[in-house]
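Chemist: quick one: sequence plus predicted model below, questions after.
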Amino acid sequence: MQEDAKFQSSVDYIYGLQTYGWKLGLERFQALCERLGNPQDKLKTIHIGGTNGKGSTTAMVSSILKSAGYKVGTYYSPYVYNIRERVQLDCGMISKSAFTRHVDAIRPHAEAVGKTDLGHPTEFEVKTALGLLYFVEQGVDFAVLEVGLGGRLDATNIVSPLVSVITNVTLDHMDRLGHTVPAIAAEKAGIIKPNGHLVTAIADPEAFDVVRRTCAERNSKLWHVHRAGNDGNHYAISSVTPGDDGNSVSACPSLKGSRSLVVDGVKSTYQDITLRMQGDFQQINAATAIGAIEALHNHGINVPQSAIREGLESAYLPGRLEVLSHRPTLLIDGAHNLDGSHQLAQALKNVFKYDRLILVMGMVNGHSMENVIGQLAPMADRFFATAADSPRASAATDVAEVARRYCSNVVSIEPVSEAVRAALNSAGENDLVCVTGSFYTISEVPRPACESEAEV
């Protein structure tokens, strides 16, 4: 019990840092890490950013490396059920004791930085420092880091990665990153390092042009992941030179007629890949993860195809098309922007069978409520608007007001747990209750016993 009390005190300290807000910029975090011995310089990292899919791609890369026998540290943003999800060792959460130990180590240094003109480190910066310290302590072979917001000014961008990844670029966080796709792409491209290696699955021509030009300016090698032909299950990874548009270099030829995922890599061809994660959109994430693993070959790191297959078959990330229970089906998915809501809409049409769709949705400020609700609400037979217990949460009444433009049966219920219970009580055994919107929302969904609390 004493250990639990110490852990809760550490969590309370972390949450208390929310008063410092979310401040983009590297100087403050660099100062903190310098006081901590610059743990970022002691790690071999894979750095993964993008608008959507970066969490899933991070999970897949980590799972592949673990399957290859490496010791892997993984840093996620955000978490869904448990704050310890953010920092993982070999795909398992950091222990409570290690979490507490590193918070205790960081705290005096954070307070010292806070007395300077740089200001106090933010919640995100302290959690990122915790991850870096833990990975160094554990002697990981690789650290796979998910970008928090944007890229150029994100705290994670102090690393010098072996490989950088930008999954895609669409409109999101426009209040912080810019109001056009090229502007947001420029922020994401900030993780591209001089003489580095970048893998991207960007499809938007304007965004890709920004990334391609940035790679050329920084002499960074570029690989582009893209669809191969008209087959929705077939992707290719092409090496791009500064004058290419991204698809001009031929990849390894694949066999025809495969109905499962096929990836034509630069180094090899991967046939009949199966994924644990649901949704057609996970296929491009898997191809991107393969691209990142192949890019490691340039550093003399060769991962066998058997590990790639095993890793993709076992990779898991909560809150992405995750079914919690059946009869009725209870589905959660953190679709919080236009692209994410489009992917969820496609999955609801193509993956799941049900009589009625009942949506429970809560949003946070900074995301386009109109875009997300406009994609999903027209599909719903009933819509429950709610709000998470977060200072960033949009009011449930505001969510309901937008939803009524698209759905005739809308009610507003708080908190999230009560909205979910009401939705389940209104559902028949063949209906589907989908809880979506912000990750803050889906984190408050009542669920069966979570993952093991075993120490790592």
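Modeler: Noted; the coordinates are in hand.

Chemist: which ones are touching the residue nearest the centre of the chain?
Modeler: Centroid check for the chain by Cα atoms, centre = their mean gives residue 55 as the closest residue, at 2.2 Å. Residue 55 makes contact with 76, 77, 146, 317, 320 under the criterion Cβ atoms under 8 Å, 6 or more residues apart in numbering. In short, each C-beta sits where N, CA and C put it, glycine included.

Chemist: the third one contacts residue 58, correct?
Modeler: It stands for residue 146. Yes - at 4.4 Å, residue 146 counts as touching residue 58 under the criterion of Cβ atoms under 8 Å.

Chemist: any residues in contact with both of these two?
Modeler: Common neighbours of residue 146 and residue 58 (Cβ under 8 Å, 6+ apart) are 48, 74, 76.

Chemist: report pLDDT for the last one.
Modeler: To tie it back to what came earlier, the one meant is residue 76. In this prediction, residue 76 carries a pLDDT score of 96.

Chemist: and residue 252, what pLDDT?
Modeler: Per-residue confidence at residue 252 stands at 38 (pLDDT).

Chemist: can you put the contacts of residue 55 in JSON lines and add neighbour count and secondary structure?
Modeler: What follows is the contacts of residue 55, written out as JSON lines (neighbours: other Cβ atoms under 10 Å; DSSP: H, G, I helix; E, B strand; the rest coil):
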{"residue": "76", "neighbour count": "23", "secondary structure": "coil"}
{"residue": "77", "neighbour count": "21", "secondary structure": "coil"}
{"residue": "146", "neighbour count": "26", "secondary structure": "strand"}
{"residue": "317", "neighbour count": "24", "secondary structure": "coil"}
{"residue": "320", "neighbour count": "26", "secondary structure": "coil"}
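
Chemist: what about the strands in the stretch 301-450 of the chain?
Modeler: Along the stretch 301-450 of the chain, counting by DSSP state E, counting those that start in this stretch, strands occupy 322-325, 329-333, 357-362, 382-385, 410-412, 432-437.

Chemist: my error: substitute the stretch 101-250 of the chain in the last question.
Modeler: Using DSSP E, counting those that start in this stretch, strands in the stretch 101-250 of the chain cover 142-146, 163-166, 197-200, 221-227, 234-240.

Chemist: report all helices and strands that whatever helix or strand comes next after the last one contacts.
Modeler: This points to strand 234-240. Sequence order places strand 261-264 as the next helix or strand after strand 234-240, per DSSP states H and E. Other elements packing on strand 261-264 under the criterion 3 or more Cβ pairs under 8 Å, 6 or more residues apart in numbering; DSSP states H and E are strand 234-240, strand 269-273, helix 282-295.

Chemist: grab the nearest non-local neighbour of residue 97.
Modeler: Distances taken as Cβ to Cβ, 6 or more residues apart in numbering place residue 3 nearest to residue 97, at 6.1 Å, with adjacent residues excluded.

Chemist: contacts only, for the one you found.
Modeler: Applying Cβ under 8 Å, 6+ apart to residue 3 gives the contacts 96, 97, 100.

Chemist: contacting residues for the first one?
Modeler: Taking Cβ under 8 Å, 6+ apart, we find residue 96 in contact with 3, 4, 7, 84, 455.

Chemist: nearest residue to the second one in space, please, no chain neighbours.
Modeler: If you skip the residues right next to it in sequence, residue 4 has residue 96 as its closest partner in space, 7.0 Å away by Cβ to Cβ, 6+ apart.

Chemist: do the same with residue 152
Modeler: In space, residue 152 is closest to residue 190, 2.3 Å off (Cβ to Cβ, 6+ apart).

Chemist: touching, that neighbour and residue 157? I think so.
Modeler: Yes - the criterion here is Cβ under 8 Å, and residue 190 meets it with residue 157 at 6.3 Å.

Chemist: pull the residues that contact stretch 409-423.
Modeler: 330, 358, 360, 362, 380-389, 396-397, 399-400, 403-404, 433, 435, 441, 444-446.

Chemist: quick one: terminal-to-terminal distance for that stretch?
Modeler: One end of stretch 409-423 sits 12 Å from the other (Cα to Cα, to the nearest Å).

Chemist: helices of the stretch 301-450 of the chain, start to end?
Modeler: Assigned by DSSP state H, counting those that start in this stretch, the helices in the stretch 301-450 of the chain fall at 305-314, 338-350, 369-376, 396-403, 416-426, 439-443.

Chemist: so where's this structure uncertain?
Modeler: Where the chain drops to pLDDT under 70, the residues are 1, 172-175, 231, 242-259, 366-367, 448-456.

Chemist: quick one: contacts for the closest residue to residue 11 other than its chain neighbours?
Modeler: Once flanking residues are discounted, residue 11 sits nearest to residue 83: 5.9 Å by Cβ to Cβ, 6+ apart. The contact partners of residue 83, taken as Cβ under 8 Å, 6+ apart, are 11, 14, 99.

Chemist: and the last one, what helix or strand is that in?
Modeler: Residue 99 belongs to helix 96-114 when assigned by DSSP H and E.

Chemist: do the second one as well
Modeler: Element membership for residue 14 (DSSP H and E) is helix 2-16.

Chemist: need the contact list for the residue nearest to residue 124 when sequence neighbours are not counted.
Modeler: Excluding the flanking residues, the one nearest residue 124 by Cβ to Cβ, 6+ apart is residue 148, at 5.4 Å. Shown in contact with residue 148 (Cβ under 8 Å, 6+ apart): 77, 124, 128, 154, 155, 156.

Chemist: wait, isn't residue 379 in contact with residue 347?
Modeler: No - at 11.2 Å, residue 379 does not count as touching residue 347 under the criterion of Cβ under 8 Å.

Chemist: more neighbours: the two, which one.
Modeler: Neighbour tally, residue 379 and residue 347, criterion other Cβ atoms under 10 Å: the higher count belongs to residue 347, 21 against 16.

Chemist: quick check: closest non-adjacent residue to that one.
Modeler: In space, residue 347 is closest to residue 279, 4.7 Å off (Cβ to Cβ, 6+ apart).

Chemist: thought the one you found was touching residue 321?
Modeler: Yes - Residue 279 is within contact range of residue 321, at 4.7 Å (criterion: Cβ under 8 Å).

Chemist: same drill for those two, tell me which one is more crowded.
Modeler: Neighbours were tallied for residue 279 and for residue 321 using other Cβ under 10 Å; the higher tally belongs to residue 321 (23 against 18).

Chemist: with adjacent residues omitted, what lies nearest to residue 373?
Modeler: Leaving aside its sequence neighbours, residue 373 sits nearest to residue 402 (Cβ to Cβ, 6+ apart; 4.8 Å).

Chemist: residues touching that neighbour, list them.
Modeler: By Cβ under 8 Å, 6+ apart, the neighbours of residue 402 are 369, 370, 373, 374, 377.
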